[in-house]
Each structure stands twice: as C-alpha cells, then as structure tokens.
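J.: no letters, just coordinates:
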C-alpha cells in the first residue's frame, strides 16, 4: 500500500500538536522547525522522526537528516515521504 504525502504531513502535524505539545498554532508547510518558527531542539526533532517511524512502521535514514531536510514542515514531509516510499518499494 502506498503512503501519500498527505498522510505524512497529517502525521507530522499530529505529532507536533500532541507529542510536542504545540496546540493552537497554525502548522503551515512553510513553518520552520529549526531556528525560527517552532525552534525545535534536537530531542524534539528526534521525537518527530521516531513518531513518523512508529506511525508508518519503517525506519527513516538519519544520515540524510539536516537543516535542509528538516528545515520546515513541508521539507520534512517531502523527505519523510520519499524515505517511506523508497522503503515500501
């Protein structure tokens, strides 16, 4: 079964709202995860990655995690979607 990008972004938003306790704010795709925006620390980012792994049942390559792949909600969704789809193939 294919995983859609929409499923991934919905999961990211759910993790941010529930696991990281950021409720009541707009979680647009352009919102920065690191630096401005949410200003997540390394533990928050780890929780985000492991949350995606748990929800979809696949590990994500941590070798490719960086400011580009985790710069915003949208860039992380793109990265996670590519990783999850590659693992399904």
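T.: That came through, no problem. In this text the structure is predicted, and so the values were computed from the model without any measurement. Numbers count the residues shown, from 1 in each chain.

J.: ok, residue 38 to residue 3 distance?
T.: As defined by C-beta to C-beta, to the nearest Å, residue 38 lies at a distance of 24 Å from residue 3. (Glycine included, C-beta is placed from N, CA and C.)

J.: got it, and residue 47?
T.: 20 Å.

J.: okay, now residue 20: neighbour count?
T.: 16 (other C-beta atoms under 10 Å).

J.: that should have said residue 34, apologies.
T.: Here the number of neighbours of residue 34 (other C-beta under 10 Å) works out to 18.

J.: give me the pLDDT for it.
T.: As predicted, residue 34 sits at a pLDDT of 90.

J.: surely it is in contact with residue 44?
T.: No - the criterion here is C-beta atoms under 8 Å, and residue 34 misses it with residue 44 at 9.4 Å.

J.: what sits up against stretch 6-25?
T.: 27, 29, 38, 40, 44, 47-48, 51-52, 55-56, 73-74, 76-77, 80-81, 84 (C-beta atoms under 8 Å, 6 or more residues apart in numbering).

J.: now that stretch: buried residues?
T.: 8-9, 11-13, 15-16, 20, 22 (16 or more other C-beta atoms under 10 Å).

J.: among the contacts of stretch 6-25, the buried ones, what's the ChimeraX command?
T.: Under the burial definition 16+ other C-beta under 10 Å, those of these that qualify are selected in ChimeraX by:
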select :27,38,40,44,47,48,51,52,55,56,73,74,76,77,80,81,84
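
J.: taking the contacts of stretch 6-25 one by one, which sit in helices?
T.: 44, 47-48, 51-52, 55-56, 73-74, 76-77, 80-81, 84 (DSSP state H).

J.: and residue 82, how close does it get to residue 3?
T.: For residue 82, the distance to residue 3 - C-beta to C-beta - is 10 Å.

J.: contact partners of stretch 39-47?
T.: Against stretch 39-47 from outside (C-beta under 8 Å, 6+ apart): 15, 19-20, 32-34, 38, 48, 65, 70.

J.: pLDDT averaged over the one helix or strand residue 9 maps to, what's the number?
T.: Element membership for residue 9, per DSSP states H and E: helix 5-14. For helix 5-14, mean pLDDT is 97.
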